[in-house]
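K.L.:
sequence unknown, structure follows:
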């Protein structure tokens, strides 16, 4: 009798919901809401290498700039999300830490409108990060290490990822109960964020397919074509994410990514222009994380990680591989990284050091405190 009663109540609720939807004649304010959130990341960094400053640049003893340790604000972000109704929403994100240096073309990060028709079709337009690799959907507050990878910033400088202005569509290819496959595709200017207009008449296009092959294993493939004012290049990549839970206390996750593409930013900086197809970059990284779920009232978990990255920004014409190892320990005081303390060392190794430049082998220690709200 109890089961029959619950079933009847559920059916009545579903019927009532459908009836209520059918009787709505104006969806202007249906599910309208607005939310605010923020992030503060403050850190102390110190160079562990003689004659190298906190930015990784080698200096001589006569240099006036010898800053080898400093406190700094890395990110001070404010995010606004507004939902107009069940189909339309908007997203704004600012990084006020950019005001500590030249803020031109920096402060505004996200600024886009999204229309969601169904799980199979969503479209957004404005300034956002095209999904060209797993780092594009990882928020800054849960990077879980010192920073994004070197390849992320290099590919962003060439217009392949990071914040761009354009339009994108995404959604599920398959239905419920089938092997999950999602698609992402779009077109954008490709000359990076906060620009008044494109710097040429061509547009970058990109596409991504990803599939969850098992409960905790996802793989993705990416492809893009575009320009940055001169010539047309391309970029390709693949990535994976997986996680294993040994018991209620221990989790192990592993992420990895490989990308290769035309280094458009480097090509534009060269005085003597080679063939564009010869100016290419490539790299990969692996990021294992071991998490202990302490689950105490004030300390929720402890994470141990050590990301390894190999990156070469001009491997065909002037190869100089750059390797980065970042061992890191994170104390998480509130779930989902709402409060965390991170300690680690960034070890950067170059095959060939270039004196008085940032292409120089060095080690950097850091202590970072972050709070989300």
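P.N.:
Done, it's in. Remember, predicted model here, so these are calculated numbers, not experimental data. Numbering: from 1, shown residues only.
K.L.:
got any ranges where this structure has weak pLDDT?
P.N.:
In the predicted model, the chain carries pLDDT under 70 at residues 1-21, 63-65.
K.L.:
where do the helices sit along it?
P.N.:
Residue ranges of the helices in the chain, as given by DSSP state H, are 2-23, 150-157, 264-269.
K.L.:
Quick one: residues contacting the nearest residue to residue 153 once chain neighbours are set aside.
P.N.:
Counting by C-beta to C-beta, 6 or more residues apart in numbering, the nearest residue to residue 153 once its immediate chain neighbours are dropped is residue 162, at 7.5 Å. C-beta coordinates here come from the backbone N, C-alpha and C atoms, glycine included. The contact partners of residue 162, by C-beta atoms under 8 Å, 6 or more residues apart in numbering, come to 129, 136, 152-153, 155-156, 192-193.
K.L.:
Any idea what residue 370 is bridged to?
P.N.:
For residue 370, the beta-bridge assignment (DSSP bridges) gives partners residue 41, residue 340.
K.L.:
check contacts around it.
P.N.:
39-42, 141, 337, 339-340, 342.
K.L.:
Quick check: it vs residue 241, distance?
P.N.:
Using C-beta to C-beta, to the nearest Å, we find residue 370 at a distance of 22 Å from residue 241.
K.L.:
quick one on the thing from earlier: from the contacts of residue 162, list just the buried residues.
P.N.:
Restricting these to buried positions leaves 129, 136, 152, 155-156, 192-193, with burial counted as 16 or more other C-beta atoms under 10 Å.
K.L.:
Specify which member of those residues is nearest to residue 99.
P.N.:
residue 193 (15.7 Å; C-beta to C-beta).
K.L.:
I figured that closest one was touching residue 107, is that so?
P.N.:
No. Between residue 193 and residue 107 no contact is recorded; they are 9.7 Å apart, counting by C-beta atoms under 8 Å.
K.L.:
Please enumerate the shared neighbours of the two.
P.N.:
Common neighbours of residue 193 and residue 107 (C-beta under 8 Å, 6+ apart) do not exist.
K.L.:
Buried residues, stretch 243-251. List them.
P.N.:
residue 251.
K.L.:
Kindly report the same for stretch 166-178.
P.N.:
By neighbour count, with 16+ other C-beta under 10 Å as the criterion, the buried positions of stretch 166-178 are 166-168, 170, 172.
K.L.:
could you redo these as JSON lines and give each row distance to residue 311?
P.N.:
As requested, those are exported to JSON lines (distance: C-beta to C-beta, whole Å):
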{"residue": "166", "distance to residue 311": "26"}
{"residue": "167", "distance to residue 311": "30"}
{"residue": "168", "distance to residue 311": "26"}
{"residue": "170", "distance to residue 311": "28"}
{"residue": "172", "distance to residue 311": "33"}
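K.L.:
Which one of those is nearest to residue 198?
P.N.:
Once C-beta to C-beta is applied, the member of the buried residues of stretch 166-178 that ends up nearest residue 198 is residue 166, at 9.4 Å.
K.L.:
does that closest one have beta-bridge partners, and which?
P.N.:
Partner residues in beta bridges with residue 166: residue 126, residue 188, with DSSP bridges as the criterion.
K.L.:
got a list of what residue 350 touches?
P.N.:
With contact set as C-beta under 8 Å, 6+ apart, residue 350 has these partners: 320-323, 359-361.
K.L.:
Can you go through the residues you listed and name the buried ones?
P.N.:
When those are checked for burial by 16+ other C-beta under 10 Å, the buried set is 322-323, 359-361.
K.L.:
Switch the residues you listed over to JSON lines; also include distance to residue 236.
P.N.:
Formatted as JSON lines, the entries for those read as follows, by distance: C-beta to C-beta, whole Å:
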{"residue": "322", "distance to residue 236": "20"}
{"residue": "323", "distance to residue 236": "22"}
{"residue": "359", "distance to residue 236": "26"}
{"residue": "360", "distance to residue 236": "30"}
{"residue": "361", "distance to residue 236": "30"}
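K.L.:
List just the nearest of these to residue 205.
P.N.:
For these, the minimum distance to residue 205 (C-beta to C-beta) is 28.8 Å, reached by residue 322.
K.L.:
which residues touch that closest one?
P.N.:
With C-beta under 8 Å, 6+ apart as the criterion, the residues that contact residue 322 are 150, 310-313, 348-351, 359.
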